[in-house]
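Q: Whatever this is, show me its structure:
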Amino acid sequence: MTLKDDLETEVKKIFRDQWEFRDGTVVPSDDSVGLGNKGVQLDATVLYADLSESTNMVDTYKPHFSAEIYKSFLHCCAKIIKSKDGVITAYDGDRIMAVYVGASKNTNAAKSALMINWANKQIIQPALNAQYSGTAFKIKHTVGIDTSKLLVAKTGVRGANDLVWVGRAANWAAKLTTLSHDTPTWITKAVYDKLNDEAKTTNGKSVWEHRLWTKMNNADIYRSSWWWSFS
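A: Modelled structure (predicted):
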């Protein structure tokens, strides 16, 4: 069988085969989803954290400098996400994707974003300044969060596959990271409406500012420049 024959056979099978769905209450792992037309459906909140202006950084600074910033940012993001019961589902260059489930999934994701903002300003940037006192480089980032029903399926071939997350939350959370890093945390109304009060206000003042997402049919979104400190 030629490569063309193999691909034609497999693609026809993908479109022809019936799907098998099961409801999930935990974030599925690679080995819990089959390669065929099998999927896990779940209600989940997706967080994307992305370094801003990383292309310019890579083009301007030495490779080890950029690598150290990548490693520091992603390490802090990963530790914070796990501390708030999030599950890391992908690393993609200078960004990280995480999924949260459960009754507090939106609050946990929002707190993660605010903690990442604090870590960037209070841990990563000071360490960079101390090590490279001669540079004025400022680390900037953006976090996007949305919540919706998701279909999780496995894509690829045996020995080289990964999970694909199909649903609005995965798509919108990623798109939110393209918005201004001047206010590094962006969430949808669906997330905002489910936040616990402690994640909405501090000392009687709102942590979030409402905006209309003009590129997405004026969808209601919220942004924040606040941070959540931790020890």
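Q: mind listing the strands for this protein?
A: When secondary structure is read from DSSP state E, the chain shows strands at 20-23, 38-51, 87-92, 95-100, 141-157, 160-166, 185-188, 201-202, 205-206, 209-213, 219-224.
Q: most neighbours per residue, which of the ones you listed?
A: strand 185-188 (a mean of 28; mean count of other C-beta atoms under 10 Å). Just so you know, the C-beta spots here come from the backbone N, C-alpha and C atoms, and that holds for glycine as well.
Q: Could you work out which of the strands of the chain reaches nearest to residue 72?
A: Among these, strand 38-51 comes nearest to residue 72, with 10.2 Å by C-beta to C-beta.
Q: And the closest one, how far out from the chain middle?
A: 8 Å (C-alpha atoms, centre = their mean, to the nearest Å).
Q: how far off strand 160-166 does it point, in degrees?
A: 90 degrees (axes from the mean of the first three to the mean of the last three C-alpha atoms, to 10 degrees).
Q: mind listing what strand 38-51 pairs with, with the direction of each?
A: With DSSP bridges as the test, strand 38-51 is paired with strand 20-23 (parallel), strand 95-100 (antiparallel), strand 141-157 (antiparallel).
Q: what about it, average pLDDT?
A: Mean pLDDT, strand 38-51: 97.
Q: oh, and call the first residue 829 from now on, that's how I've got it
A: From this message on, residue numbering opens at 829, which makes the last subject strand 866-879.
Q: before we move on, back to that, between the strands of the chain, which one is closest to residue 946.
A: Using C-beta to C-beta and comparing the strands of the chain, the one that lies nearest residue 946 is strand 1013-1016, at 10.9 Å.
Q: which sections of the protein are below the confidence cut-off?
A: Along the chain, no part satisfies pLDDT under 70.
Q: what pairs with the most centrally placed residue in the chain across the strands?
A: Nearest to the mean C-alpha position of the chain, by C-alpha atoms, centre = their mean, lies residue 876 at 1.7 Å. Listed beta-bridge partners, residue 876: residue 925, residue 972 (assigned using DSSP bridges).
Q: who touches it in this structure?
A: Neighbouring residues of residue 876 by C-beta atoms under 8 Å, 6 or more residues apart in numbering: 923, 924, 925, 971, 972, 973, 1001, 1002, 1004, 1005.
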